[in-house]
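S.K.: sequence and computational prediction follow.
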Amino acid sequence: MADPTQTNPAEGVPSQTTGIEQTPPNDWTIERLFAVPGVAARTMPEPTEPVDMEEEWAIIELEKYSTQHLEAYKAQIDPRRNVEIENALAASQFKRTLSAWHLLFCRPFPLEIIQHIFYLFVYSAESLQEINRNRLRLTWVCRDWRAVAINHKYLWNTLCFGGQPPWASTMIALERAGNALLHVRIMDISGPMPNPSHEETVDDDIGQPVALTVKQVEYLLSKLLRKISQIRTMVVHLKVWQTAFTVLTRLNAGGRLDRLMHFEIRRGDALITNALQVHGTQLYQLPTVELGNGFMNDLQTLVLDGMHIHWPGLHLESLCDLELRLIPILHFPLAHEFRRTLASCSGTLRNLRIESTALREEDDGEEGPFLPIVLDRLDQISISRLTPAYVRWVLSQFRAPTVTKLNLNTLGAYDAVVLLEWLTTICRFPLVEHLGIVDCFIHNSEDGKAAVVRWLETMPRVKYIRTGIVSRNFLDAFAMSPWDYYDTRPEGVPPAILPALKEVVFEYQDTADVVSFIEGRERLKAPLDVVKLSPGWRAQPNWVEGYERIKATGVRVDLIGHCGHTHTVPGVN
């Protein structure tokens with residue numbers, strides 16, 4: 001067999017294990033076998049010779065017999081364990097699987113069909129780690145498969161740089177991607193994104209990836225930005241603000257990001273201490289960076305979490321999703337800059353999310369009259385961790401009559417009655433179907449309840465509500481009729497508020513409040529279909545009694561798991 005660390009002249013394909021310690025084919029250790037096709041696939045010899053079909057069939061039959069014999073012997077000594085038996089059983093199963101892969105007969109198919117099958121196989125994985133393993137699986141089946149896989153650039157254009165350099169296999173994937181558009185992730189924090197590649201370095205003490213340094217990020221970007229014109233997606237999750245800021249500055253110096261469609265940069269919270277004082281440089285005093293030299297005509301998604309950019313002159317004509325979180329107020333755009341940004345994408349923007357970030361007032365403290373920007377395609381608004389006064393000011397910058405999803409979360413201990421009255425009279429969202437309002441304070445009075453009822457009346461299409469950490473006075477408004485607060489009460493049967501409402505999600509709400517809400521809807525002849533409750537609901541002392549009362553109304557009760565999935569109440573439903 002040819003030296004697997006050398007390039008195969010017949011195929012012209014570079015070695016994928018150059019510089020990696022080779023593993024003898026018969027080194028079937030438990031740790032290595034259970035890691036296959038992860039670590040073992042990267043270290044086993046490369047297939048460089050044609051496959052002997054008869055030999056592979058013979059191996060399958062022999063290993064089938066060997067597996068049956070070993071399983072029978074293992075059953076005889078159960079529950080005792082024999083390491084040698086388990087070792088041999090794992091080796092036999094792996095050899096049989098490998099030979100079965102060798103026998104897959106794809107040669108009659110055109111190359112394009114084989115490549116498409118490979119593409120579906122690789123990207124059917126649920127995580128980036130499994131995507132990497134799937135790519136390696138295709139390269140160690142046989143010489144023909146390896147050549148097809150390596151020459152298929154779209155199998156290698158999804159890149160994840162996690163852990164510590166030199167990121168050997170990811171750099172090889174970057175080279176094999178050729179001139180394909182690149183989808184890049186740089187991360188050293190765990191979060192909503194899938195786990196990085198299998199070569200990630202992990203700190204054993206905390207079980208999390210090790211934070212990257214500025215020099216390591218600069219080294220990575222020096223390699224990556226050679227293909228800056230091919231970057232289609234860039235997601236950056238970094239613990240330390242210095243490394244995140246390095247990414248922004250190097251991107252700006254690298255040239256125009258003409259092909260970029262999705263840009264997301266998130267900074268961890270580990271170093272937000274001592275008034276943001278780090279090594280003598282305050283984060284809010286850092287200079288702003290002009291992302292992509294201001295020209296990103298293809299950009300559709302922009303997420304800035306804890307990092308700021310230079311807003312004046314930024315062109316975002318194709319933007320669909322805009323998320324701004326935890327941006328220092330001194331670096332958030334002035335109100336007129338924000339309106340100009342919204343105006344540039346008024347025909348495309350669909351989702352707007354703002355959290356713990358406020359618009360800056362004009363430098364002179366006074367702003368003349370202005371016309372709100374009309375966002376006639378905006379579908380979702382989510383505003384969190386702002387006071388009601390700031391929420392009102394943010395919403396006053398634009399009009400969005402087509403919004404169907406509205407979320408107002410964590411408005412603090414400030415009375416939101418004035419905000420709700422303004423939303424009722426000035427800034428209406430009549431097409432809303434999904435409404436979220438969590439941690440909102442309404443003073444305990446009839447005026448407060450009336451403000452809630454009048455506001456809800458402006459959204460008759462609401463089908464789904466997510467709420468929690470609100471007062472009983474707020475929830476009682478859902479059991480009222482809008483006629484109760486008319487100056488002249490009409491004749492006839494009063495209609496229910498939100499007649500289309502069928503599903504409610506409660507987050508951290510007392511059981512008695514939930515029961516009162518459901519029974520109130522029942523009295524209005526507008527019963528719910530489903531109620532979903534947070535995991536801590538069953539920890540409340542009166543949850544059993546509350547459930548029995550809910551059950552009498554015929555409403556289905558589901559619990560929301562920590563992963564976001566729901567299930568019925570065990571032992572009750």
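M.R.: Now that the structure is in, tell me what you want to look at. Numbers count the residues shown, from 1 in each chain.

S.K.: tell me where the stretch 201-350 of the chain has helices.
M.R.: Secondary structure of the stretch 201-350 of the chain (DSSP state H, counting those that start in this stretch): helices located at 214-224, 241-254, 335-344.

S.K.: pick the most buried one from the ones you listed.
M.R.: Each of those was scored by mean neighbour count; the highest is helix 241-254, a mean of 20, by mean count of other C-beta atoms under 10 Å. Backbone N, C-alpha and C define where each C-beta goes, glycine included.

S.K.: which residues sit against it?
M.R.: The contact list for helix 241-254 (C-beta atoms under 8 Å, 6 or more residues apart in numbering) reads 186, 188, 211-214, 216-218, 221, 225, 228, 234, 236, 238, 257, 265-267, 271, 278, 283, 286, 289-293, 306-307, 309.

S.K.: filter these down to the buried ones.
M.R.: 186, 188, 211-213, 216-217, 221, 228, 234, 236, 238, 257, 265-267, 271, 283, 286, 289-293, 306-307, 309 (16 or more other C-beta atoms under 10 Å).

S.K.: ok, back up a step: sort out for me which of the contacts of helix 241-254 are in strands.
M.R.: Secondary structure defined by DSSP state E assigns Ile186, Met234, Val236, Leu238, Ile265, Arg266, Arg267, Val278 of the contacts of helix 241-254 to strands.

S.K.: separation between the first one and Val240?
M.R.: The one in question is Ile186. According to C-beta to C-beta, to the nearest Å, Ile186 stands 13 Å off from Val240.

S.K.: identify the contacts common to those two.
M.R.: Counting by C-beta under 8 Å, 6+ apart, the residues touching both Ile186 and Val240 are Leu212.

S.K.: so what are the domain limits for this structure?
M.R.: 30-109, 372-501, 505-573 (automatic domain parsing).

S.K.: mean pLDDT lowest where, among those?
M.R.: The minimum mean pLDDT among the domains of the chain belongs to domain 30-109 (a mean of 70).

S.K.: the helix or strand encompassing Ile114 packs against which elements?
M.R.: Per DSSP states H and E, Ile114 falls inside helix 111-122. Helix 111-122 is packed against helix 128-139, helix 143-150, with contacts defined by 3 or more C-beta pairs under 8 Å, 6 or more residues apart in numbering; DSSP states H and E.

S.K.: most tightly surrounded among those?
M.R.: helix 128-139 (a mean of 21).

S.K.: what angle do that one and helix 143-150 make?
M.R.: Orientation of helix 128-139 against helix 143-150 (axes from the mean of the first three to the mean of the last three C-alpha atoms, to 10 degrees) gives an angle of 140 degrees.

S.K.: out of the helices and strands packed on helix 111-122, which is closest to Asp487?
M.R.: Closest of those to Asp487 is helix 128-139, at 60.5 Å (criterion: C-beta to C-beta).

S.K.: one step back: just put the helices of the stretch 201-350 of the chain in CSV and tack on mean pLDDT.
M.R.: CSV is the format used below for the helices of the stretch 201-350 of the chain (pLDDT from 0 to 100):
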stretch, mean pLDDT
helix 214-224, 91
helix 241-254, 86
helix 335-344, 88
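
S.K.: closest to Lys502 out of those helices?
M.R.: Counting by C-beta to C-beta, Lys502 lies closest to helix 335-344 out of the helices of the stretch 201-350 of the chain; the figure is 33.2 Å.

S.K.: and the closest one, what does it pack against?
M.R.: strand 373-374.
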